[in-house]
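Engineer: Fold the following.
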Amino acid sequence: MRSRGPVRSLIGLESEFFIAPLATNGRATVHHGAGALLRAVRHTVKVVASYDGRLYLPNGGCAYLDIGSHPEYATPECETPDELVRFALAGDLLFLDASQRAVEHSSRLAELRVWRGSVTYSDRLVTCASHENYSVPDMASELWRYFVPFLVTRVIYAGSGGLEPHEGSVRFTLSPRVDRQALGAGPRFAFKCAEGIRGTARLHLACGDALASETSLFLRAAATALVVAAFEVNPKCVPHIELANNYDAMCVVAADASCKAELPLSDGGTDTAIGIQWRYLEYVSAACKTGRMPAWADDAVNLWARILTDLEEDIERLDFVLDWRIRLRTFNADQRLAAALAGACSDVETVRRLRHLDRRFLWLGEGGVFSDMDAAGVLRHAIPGLRPSWADGVLSSPATSRARFRSAFVTQTRKAARHRVCDWSLLRCKALGAISEIQLDQMYTDEYMPWQLNRLEEIGIIEPPPSVVHACQQSAA
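Structural biologist: Down below sits the predicted model:
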């Protein structure tokens, strides 16, 4: 049973990447390019592999190949949205550096492009996932049906923007993954809860788009985590909002660039996506007055309110802030592309140009539309202090989650330690002729007792993290 103190939430993000390898002889497969990328990661930073081949990194996250040879990066467990943004963007730094090293050290690769995207415009119904994970309390399941309208409508600030992935379509959408689901992948806005640790569960969301804007990344994670936290703090006052048809509403929201389309509710009334988001924001604001919400809640609530106000009163203020607004403005900057989006032109060459521009939007590094605009100082999406360097994003871990132990295991184990295996909840190695392991069955560093520090030393960690030693000394006292 959780204490009545402030709610603590862990947040994580899994991001899939597309790759486009160009071989020196004109022939290269995606599988070869993906393998070269992961080998470069191995040679760039210290890693420890898991039984299934995932590479656990110095920051406590991991890199691996998912189904279809998609490179994927998973952040370490983060306690704040600030941390999540920092470690999510660290994955971009890692894969950009690895792609350049892969080309330098390969006689077969002339170029290896890596980018985050939401869909492909092919017949294969390929989407690139941006999956979110939140630690949640084990609470009454009837509350969760009131969570779905929040997920459906948060697209107005958490959508990536792009083109509908239908054959020959040049219509703009706030979320291409919504439209891809309409083509056959099914309504993936639904969520699932997996078994968690010590009275918690892991809420896994498969509905997210690939984002580059720090504001969009932060607000998506912060608003979602706060709604979940408010469910625990104030379950009796949950907004009883139910859409008449969740999936139809999701498609309407994605197609409406004004964000003001009326959505039918199950009680016979209607409301807009902005209106529904305001109701969840008011619910979270009331929960903040209990003193049990996370310490970062007030700042996040203020940003959430500011974005909703701009969406409602003057949406053009967000043209250089939110992903989908940046992408729409980029398309409209070209008169012919703007005419195509307005339905006045749809020739094959224009469609090809639009789709190429859309794909280039999230290319990592030089040549990426978002990267180039950001480097030129055009955008206003950045949140001060969140952009990571190599040292504080790739080589460092969050200080207060169990990722700190995983990081120490990857970077600080003795040379005598052999056969090291790492996983989200297991550290295992053979040192001094004996096999030792520790289960990371606690979420936070301050939950580990002195005897567990001894276990860390047994598996070969040279020096336990200072924050952990301090916490354990206080526990012992």
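Engineer: quick one: low-confidence ranges for the stretch 51-200 of the chain?
Structural biologist: Applying pLDDT under 70 to the stretch 51-200 of the chain flags residues 118, 120-127, 138-142, 166-169, 179-200.
Engineer: buried stuff in the helix ranked longest in the chain?
Structural biologist: In the chain, taking DSSP state H as the definition, the longest helix is helix 81-104. Across helix 81-104, burial judged by 16 or more other C-beta atoms under 10 Å covers 81-103. Where you see a C-beta, it was placed from the backbone N, CA and C, and this is true even at glycine.
Engineer: Check which helices and strands it sits against.
Structural biologist: If you count contacts as 3 or more C-beta pairs under 8 Å, 6 or more residues apart in numbering; DSSP states H and E, helix 81-104 packs onto strand 11-16, helix 30-44, strand 62-66, strand 70-74, strand 109-115, helix 214-233.
Engineer: tally of neighbours for the residue lying closest to A297 once chain neighbours are set aside?
Structural biologist: Excluding the flanking residues, the one nearest A297 by C-beta to C-beta, 6 or more residues apart in numbering is C288, at 5.2 Å. C288 sits with 19 neighbouring residues when counted by other C-beta atoms under 10 Å.
Engineer: which residues touch C288?
Structural biologist: C288 sits next to A297, D298, V301 when contact means C-beta atoms under 8 Å, 6 or more residues apart in numbering.
Engineer: From what I see, the last one and L226 are in contact.
Structural biologist: Read that as V301. Yes. Between V301 and L226 there is a contact at 7.3 Å, judged by C-beta atoms under 8 Å.
Engineer: quick one: D310 from P388, how far?
Structural biologist: Separation of D310 from P388 (C-beta to C-beta, to the nearest Å): 27 Å.
Engineer: And for P239?
Structural biologist: P239 is 35 Å from P388, by C-beta to C-beta.
Engineer: what does V41 give?
Structural biologist: 16 Å.
Engineer: picking up where we left off before, list the residues that are in contact with both of V301 and L226.
Structural biologist: Each of V284 lies in contact with both V301 and L226 under the rule C-beta under 8 Å, 6+ apart.
Engineer: Quick check: nearest residue in space to L386, chain neighbours excluded?
Structural biologist: Leaving aside its sequence neighbours, L386 sits nearest to V85 (C-beta to C-beta, 6+ apart; 4.7 Å).
Engineer: can you pull the contacts of the one you found?
Structural biologist: V85 is in contact with E214, L217, F218, A221, I383, L386, counting by C-beta under 8 Å, 6+ apart.
Engineer: circling back: so for V301 and L226, which sits in the more crowded spot?
Structural biologist: L226 (28 against 20).
Engineer: quick one: that one and A297 touch, right?
Structural biologist: Yes. L226 sits in contact with A297 when judged by C-beta under 8 Å, with a separation of 5.9 Å.
Engineer: Show me whatever sits in contact with both of those two.
Structural biologist: By C-beta under 8 Å, 6+ apart, the residues touching both L226 and A297 are V284.
Engineer: What is the burial count for the closest residue in space to L89 that isn't next to it in sequence?
Structural biologist: Leaving aside its sequence neighbours, L89 sits nearest to P388 (C-beta to C-beta, 6+ apart; 5.4 Å). When neighbours are defined as other C-beta under 10 Å, P388 has 21 of them.
Engineer: cool, G385 as well?
Structural biologist: G385: 8 neighbours (other C-beta under 10 Å).
Engineer: Just the pLDDT at it, thanks.
Structural biologist: At G385, the model reports a pLDDT of 89.
Engineer: got a list of what it touches?
Structural biologist: When contacts are counted by C-beta under 8 Å, 6+ apart, G385 touches D82.
Engineer: One more pass at 10 Å, please.
Structural biologist: D82, V85, R86 (C-beta atoms under 10 Å, 6 or more residues apart in numbering).
Engineer: No more questions from me, cheers.
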